[in-house]
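**Q** show me the folded form of this:
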Amino acid sequence: MTRIADGLPHSWPPQAQPGDGPVRVLGIGGSTRPGSSSETALRIAAASAERAGAQVELITGRDLMLPIYDTESRERPPEATRLLMAIGGAEGLIISSPGYHGTMSGMMKNVLDYVEDLRDNERPYLDGIAVGCIAVAYGWQASVSTLHNLRVAVHALRGWPTPLGATINASGRPFNQDGTSCSDDSAQFQVETVGAQVVEFAKMRRSAATANAQA
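**A** Numbers count the residues shown, from 1 in each chain. Now for the predicted structure:
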């Protein structure tokens with residue numbers, strides 16, 4: 001277990017710094033079932049981000065099954081520490097959640113609750129980074145309402161939701177059997193665009209930060 005000291009120092013976790021090389025994008029999502037539809041959508045978006053020039057890390061499925069976020073304890077399991085380090089070092093974020101009863105899953109909401117530990121960082125919460133949101137549910141109503149709730153949570157954490165958010169109706173079997181592409185052209189366009197927009201925004205932010213530093 002890692003103990004998070006009261007008043008996190010600005011150096012924990014390391015903050016993403018402008019520089020050369022590919023921008024760093026983190027993808028989180030899926031369900032407790034390995035290879036779920038929401039995880040498949042995340043992987044397709046991540047592949048799009050890589051094609052756009054990003055270095056992508058994924059934390060998915062059961063690796064996100066963290067203890068309920070506890071505001072009264074400063075102890076954090078290794079899985080939570082890894083997640084927070086990855087978020088702190090990312091220049092862009094892709095989140096993919098299944099729709100459970102019209103909103104994001106409890107697992108994904110708990111993951112976002114852990115971002116509270118980053119409140120005292122030099123870059124608090126998700127401040128200033130692009131966040132691509134993907135919602136996958138059995139039906140359009142649930143997928144749309146889940147996307148809305150994801151975007152609301154990202155706003156509350158000071159993130160910048162990408163202009164396009166993806167809503168995928170899993171009842172139509174939108175993914176090919178190999179799990180690397182969508183059988184539905186609209187779904188393919190949405191998830192690929194989400195990944196590309198995250199990278200585009202991250203590159204613009206990096207360029208702006210570099211220009212400001214040189215000035």
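**Q** return the list of strands paired to the strand or helix carrying residue 131, each annotated with direction.
**A** Using DSSP states H and E, residue 131 falls within strand 130-137. Partner strands and pairing direction for strand 130-137 (DSSP bridges) are strand 92-100 (parallel), strand 160-161 (parallel), strand 166-169 (parallel).
**Q** single out the most deeply packed of those.
**A** Most buried of these, by mean neighbour count (mean count of other CB atoms under 10 Å): strand 92-100, with a mean of 28. From N, CA and C alone the C-beta is placed, and that goes for glycine too.
**Q** after that strand, which helix or strand is next?
**A** Following strand 92-100 in sequence, per DSSP H and E, is strand 103-104.
**Q** right, and the helix or strand after that next one?
**A** Following strand 103-104 in sequence, per DSSP H and E, is helix 106-113.
**Q** what comes up buried for the longest helix belonging to the chain?
**A** If you go by DSSP state H, the chain has its longest helix at helix 185-214. Using 16 or more other CB atoms under 10 Å as the test for burial, helix 185-214 gives 187-188, 190-203, 205-206, 209.
**Q** that older thread, for residue 214, which of the strands paired with strand 130-137 is the nearest?
**A** Nearest of the strands paired with strand 130-137 to residue 214, taken as CB to CB: strand 92-100 at 22.5 Å.
**Q** surely residue 139 touches residue 169?
**A** Yes. Counting by CB atoms under 8 Å, residue 139 does reach residue 169; the two are 6.3 Å apart.
**Q** quick one: secondary structure of residue 56?
**A** Under DSSP: H, G, I helix; E, B strand; the rest coil, residue 56 falls in the strand class.
**Q** what's it in contact with, if anything?
**A** By CB atoms under 8 Å, 6 or more residues apart in numbering, residue 56 lies in contact with 25, 26, 27, 46, 49, 50.
**Q** how about 7 Å then?
**A** Contacts for residue 56 (CB atoms under 7 Å, 6 or more residues apart in numbering) come out as 25, 27, 46, 49, 50.
**Q** tilt between the strand holding residue 131 and helix 185-214?
**A** 160 degrees (axes from the mean of the first three to the mean of the last three CA atoms, to 10 degrees).
**Q** closest to residue 103 out of the contacts of residue 56?
**A** Comparing the contacts of residue 56 against residue 103 with CB to CB places residue 27 closest, at 20.4 Å.
**Q** can you name the residues bridging to the closest one?
**A** residue 58, residue 94.
**Q** if we can go back for a sec, average pLDDT across the strand holding residue 131?
**A** Mean pLDDT, computed over strand 130-137, is 97.
**Q** hey, C-alpha coordinates of that strand in CSV?
**A** What follows is strand 130-137, C-alpha atoms only, in CSV (Å, rounded to 0.1, in the frame of the first residue of the first chain):
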residue,chain,number,x,y,z
ALA,A,130,-8.4,16.8,-23.7
VAL,A,131,-10.6,14.0,-22.6
GLY,A,132,-12.4,11.8,-25.2
CYS,A,133,-15.5,10.1,-23.9
ILE,A,134,-17.0,6.9,-25.2
ALA,A,135,-20.3,5.3,-24.0
VAL,A,136,-21.3,1.8,-25.0
ALA,A,137,-24.8,0.5,-24.0
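**Q** residues making contact with the next helix or strand after that strand?
**A** Next along the chain after strand 130-137, taking DSSP H and E as the criterion, comes helix 140-156. The contact list for helix 140-156 (CB under 7 Å, 6+ apart) reads 95, 97, 99, 102-104, 112, 126, 131, 133, 135-137, 161, 165, 167-169.
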